[in-house]
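Visitor: With the input below, show me the fold.
(chains A and B)
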Amino acid sequence: MFLYGVKRLIQGIVTVWFIATATFFAMHGVPGDPLMNDKAVQPEIRANLEARYGLDKPLAQQYWIYLKNMASGDFGISFTQQNREVNDIIREHFKVSATLGILAIVFAAFGGILWGALTALYRNRMPDIVIMFLVILGISVPGFVFAALGQLSVVEINDWLGFTLFPVAGWGTVQHMIVPSMVLGLGTMAFLTRLMRSSMLEIANSDFIRTARAKGLPVTRILRKHQLRNAILPVITVLGPSIAAITTGGFVVELVFAIPGLGRYFVQAVQQSDYTVIMGTTVFYGAFLVFMVIVVDVIYGLVDPRVRLE
Amino acid sequence: MAEGTLSWERVQVEREVETVSRPSLSYWQDAWIRLKANRRALFSLFLVIALLAFTVLGPFVWTVDPAAQDLDQISVPPGADRTATVADDYAPWRGVTATPIEGDGGPVAPATVTVDGHPTTHSVRLYWDPVPGAGGYRVYRNILDPEPDGALGLPIAEILSPANVSFEDRLDLKALTYFYSVVALDDGGQESPSYTTVTADVTRVITAAEAVEKGLVEDASDLSPGDTVKMAFHPLGTDYLGRDMLARLMHGARVSLFIGIVAPFFFVIIGILYGSAAGFMGGRPDQVLMRFADFVVALPFLLFMILLRILFNVESGDSGIGPMLVAMVLLSWPAAARLVRGQILQIREEGYIGASRLLGAKTNYLILRHMIPNTMGVILVTLTFAVPSAIFTEAFLSFIGMGVAPPTPSWGSMCNEGLKTMLTTPHELIAPAAFISITVLAFNLLGDGLRDALDARMRATE
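Guide: Below you'll find the model as predicted:
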């Protein structure tokens, strides 16, 4: 198990290197250069600036410096916000995005497992039909529509109550977090519900459930100890990729709800062509996602001993 | 020869054999029969065909230019009243004057405010009683009742002479009910604490010349003042620039469905080539190829879509569809490649491949005749499921402003524009969002149906 973890970790580091390299060369291929401004810059000043940002060096050397900085966790300085380090930006705004993401994934996972189990238990009966209809809606409606509708319903709720229960936008208190994280988790929850349902139904037909039933175990015990436990396994495997979906979905939710997270910052950086921030954030997110997938895989290995044998 | 020759002859035996047979069906015929039995999949198939017809044939039926602005009908919801009364040409109004009344103490609101004549979209004319001691007046306009919060709306006019007690509003009038509030100002420009509100139910009017110009009638002499004409018809209303929503949805569908269908088509083809090459070569080359595919899979998809979009710098005037397509294909092929490789590895071990090889079949023949056709089912299912995710990607990118550049409409960018006016005119958001949802739903259901029909092993537990 330990070896497996180490192997995955090395693979992950190589993957992050690949992401960093791809980002570097993609950004380098962008037409124009970061020093191009609306003001004409004198050649001497330009040379000075190039020297300062290390842009006068050959590409291979720039790449080497870039890799060294990345390895030591230094993402450089923002181009548009003078003297603000990308590290600072990430440190400050990632907390918010991570809180939002964790809440969303917890909401999605619990909701998905609960609804999935319910639909499987009430198979082809009213609760199943209603929930599966909602699930199909949840899968088919784009995240930004949920975000817009979520905000609209917050306005309605506050209007109806006569006071502000959930703030419409912003960040800070628990009330700020509830609606955006629910909106963010909705799509993933629908997906997980579907997965949980088919997983539950598959397990229900397996031999060990029949054996347990033949032994005369009580229904609740079969459900709790045998069916649910095994049915959750596939849900855990897709949690890794789901984190990626939730991270990028967070961009939209952060934009709509005006949450000062890294996603909104990234979109802004893209619109302002703040190259260092774009590069830093991309590599950071890439590394984050790669390691989240590894963590989920290792957890899966701990939960399901069969995986370790591979 | 003494003995006769024995002759062996076959004895004809007629026996009734119960034949259990049906016409031999090909894989695809069989799949089609199963698909036809699935009502949900069939319905979604019709929905997909209807959407394609909407996009391809729609613009021939509904020939309104999606970029044309109807400035008389801006942000009009579907089904809104579109009658307009024919009126005379606009005639200037000289206003109402009054001798200023001297007075002491702060000014109060005018005792009455009156709407002169009938308020129309040409002009709303107000006059009021002079206020003693007033140095001037200020007029506010609101589309909501100022009561109870005292929300007067926009200050629309500032009248600095106490002699002038009238105001003519000609600013961007629509066929709505407006609430005009008048306050008096003292010499220092300080507002009176009270205000007087009057409502004006504005009717839409149009001059005969305008009606001809807009193509509503043939000849101006057909119209006389007081007649009603119908304004241009917008079945799904108009957006915030007065553009026809239906025409924009049709043209937007072109972008969304084009990207949604063409991008998966290309990356699946690349995936087939790459995956079958890796799967067939096996060994070391296979490992190297698949490791590279793993790296590409690990790239954060949407972030790299954005990076590549920046890389393929979109020129102004360019719609940005091409770069988006290329970026999507570059990042999405490994999933299809992995799938095809897995299938090829599995099929390679099948008995019929060995049999075919024993008969002297060449590698190319094996790949083209056996392997690729046998993976087609899985590929088709992948393709169907890739369509919704490509449509989502396009919508997401256009939504954050990194997708299709305006003025080219796409469903995602229409949602983006609609979001800004969500509270006042929700139809601008609802229509494109509904189209995205219906399309994604149709392709998801079709994918489910195809999976069930094409591959019994993959059939979802229902």
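
Visitor: So the helix or strand residue A:280 falls within, near chain B or not?
Guide: Using DSSP states H and E, residue A:280 falls within helix A:275-303. Yes: Helix A:275-303 reaches chain B (C-beta under 8 Å from any C-beta of the partner chain) through A:278, A:281, A:282, A:285, A:286, A:289, A:290. From N, CA and C alone the C-beta is placed, and that goes for glycine too.

Visitor: farthest-separated two in those?
Guide: Of all pairs drawn from those, the widest gap by C-beta to C-beta lies between A:278 and A:290 and measures 18.4 Å.

Visitor: three-state assignment of the closest residue to residue B:196 other than its chain neighbours?
Guide: Once flanking residues are discounted, residue B:196 sits nearest to residue B:109: 4.4 Å by C-beta to C-beta, 6 or more residues apart in numbering or on different chains. Here residue B:109 takes the coil state, with states given by DSSP: H, G, I helix; E, B strand; the rest coil.

Visitor: Is it correct that residue B:109 is in contact with residue B:184?
Guide: Yes: when contacts are counted by C-beta atoms under 8 Å, residue B:109 is listed as touching residue B:184 (6.3 Å).

Visitor: Now do the buried residues in the longest strand belonging to chain B.
Guide: Ranked by residue count, the top strand of chain B under DSSP state E comes out as strand B:177-185. With burial defined by 16 or more other C-beta atoms under 10 Å in any protein chain shown, the residues of strand B:177-185 counted as buried are B:178, B:179, B:180, B:181, B:182, B:183, B:184, B:185.

Visitor: separation between the nearest residue to the third one once chain neighbours are set aside and residue B:140?
Guide: The reference is to residue B:180. Sequence neighbours aside, residue B:198 is the residue nearest to residue B:180 in space, at 5.2 Å (criterion: C-beta to C-beta, 6+ apart). From residue B:198 across to residue B:140, the span is 11 Å (C-beta to C-beta, to the nearest Å).

Visitor: From the contact counts, what lies against the longest strand of chain B?
Guide: The contact analysis (3 or more C-beta pairs under 8 Å, 6 or more residues apart in numbering or on different chains; DSSP states H and E) places strand B:177-185 against strand B:113-116, strand B:124-128, strand B:136-142, strand B:166-169, strand B:196-201.

Visitor: mind checking how far it is from the chain centre?
Guide: Computed by C-alpha atoms, centre = their mean, to the nearest Å, the separation of strand B:177-185 from the middle of its chain amounts to 40 Å.

Visitor: who's in contact with residue A:246?
Guide: When contacts are counted by C-beta atoms under 8 Å, 6 or more residues apart in numbering or on different chains, residue A:246 touches A:101, A:104, A:105, A:108, A:184, A:185, A:188.

Visitor: picking that back up, now for residue B:198 and residue B:140: what residues contact both?
Guide: In terms of C-beta under 8 Å, 6+ apart, residue B:198 and residue B:140 are both contacted by the residues B:180, B:181, B:182.

Visitor: Test my guess that the last one contacts residue B:139.
Guide: So that's residue B:182. Yes: with contact defined as C-beta under 8 Å, residue B:182 reaches residue B:139; the gap is 5.5 Å.

Visitor: Name the residues contacting each of the two.
Guide: B:126, B:167.

Visitor: Quick check: phi and psi on residue A:161?
Guide: Note on residue A:161: backbone dihedrals following degrees, to the nearest 10 are phi -70, psi -30.

Visitor: Out of the helices and strands packed on strand B:177-185, which gets nearest to residue B:371?
Guide: Once the helices and strands packed on strand B:177-185 are compared by C-beta to C-beta, strand B:136-142 is nearest, at 71.1 Å.

Visitor: which helices and strands does that closest one pack with?
Guide: By 3+ C-beta pairs under 8 Å, 6+ apart, strand B:136-142 packs against strand B:154-159, strand B:166-169, strand B:177-185.

Visitor: If I take that strand and strand B:154-159, what angle do their directions form?
Guide: With axes from the mean of the first three to the mean of the last three C-alpha atoms, to 10 degrees defining the directions, strand B:136-142 sits at 160 degrees from strand B:154-159.

Visitor: what does strand B:136-142 contact?
Guide: B:110, B:126, B:128, B:131, B:146, B:151-162, B:164-165, B:167, B:169, B:178-185, B:189, B:191, B:195.

Visitor: Residue 239: what's its closest spatial neighbour, skipping adjacent residues?
Guide: Looking at chain A here, since you left the chain open. Nearest to residue A:239 is residue A:296, by C-beta to C-beta, 6+ apart, at 5.2 Å.

Visitor: was after chain B, sorry
Guide: residue B:428 (5.2 Å).

Visitor: Is residue B:424 in contact with residue B:77, as I believe?
Guide: No: using C-beta under 8 Å, residue B:424 makes no contact with residue B:77, being 9.9 Å away.

Visitor: Have a look at those two and say which one is more surrounded.
Guide: residue B:77 (16 against 11; other C-beta atoms under 10 Å in any protein chain shown).

Visitor: Give me the distance between that one and chain A.
Guide: From residue B:77 across to chain A, the span is 16 Å (C-beta to the nearest C-beta, to the nearest Å).

Visitor: Which strand or helix spans that residue?
Guide: Residue-wise, residue B:77 maps onto no helix or strand under DSSP H and E.

Visitor: Phi and psi next, for it.
Guide: According to degrees, to the nearest 10, residue B:77 has phi -70, psi 160.

Visitor: Now for it: which residues touch it?
Guide: B:237, B:425, B:427 are the contacts of residue B:77 under C-beta under 8 Å, 6+ apart.

Visitor: Let me know the pLDDT of it.
Guide: Reported pLDDT at residue B:77 in the predicted model: 76.

Visitor: about what we covered before: and the residue nearest to residue A:239, what does it touch?
Guide: Contact analysis of residue A:296 by C-beta under 8 Å, 6+ apart lists A:236, A:237, A:239, A:240, A:243.

Visitor: and those, which are buried?
Guide: Burial by neighbour count, judged by 16+ other C-beta under 10 Å, picks out A:237, A:239, A:240, A:243 from the contacts of residue A:296.

Visitor: Where does confidence bottom out across the residues you listed?
Guide: Minimum pLDDT across these falls on residue A:240, with 76.

Visitor: Just confirm that one is within a strand.
Guide: No: using three-state DSSP, the secondary structure at residue A:240 is helix, not a strand.

Visitor: about what we covered before: can you tell me how far the residue nearest to residue B:196 is from chain A?
Guide: The gap separating residue B:109 from chain A is 30 Å, by C-beta to the nearest C-beta.

Visitor: Now for that residue: which residues touch it?
Guide: Residue B:109 is in contact with B:131, B:182, B:183, B:184, B:192, B:194, B:195, B:196, counting by C-beta under 8 Å, 6+ apart.
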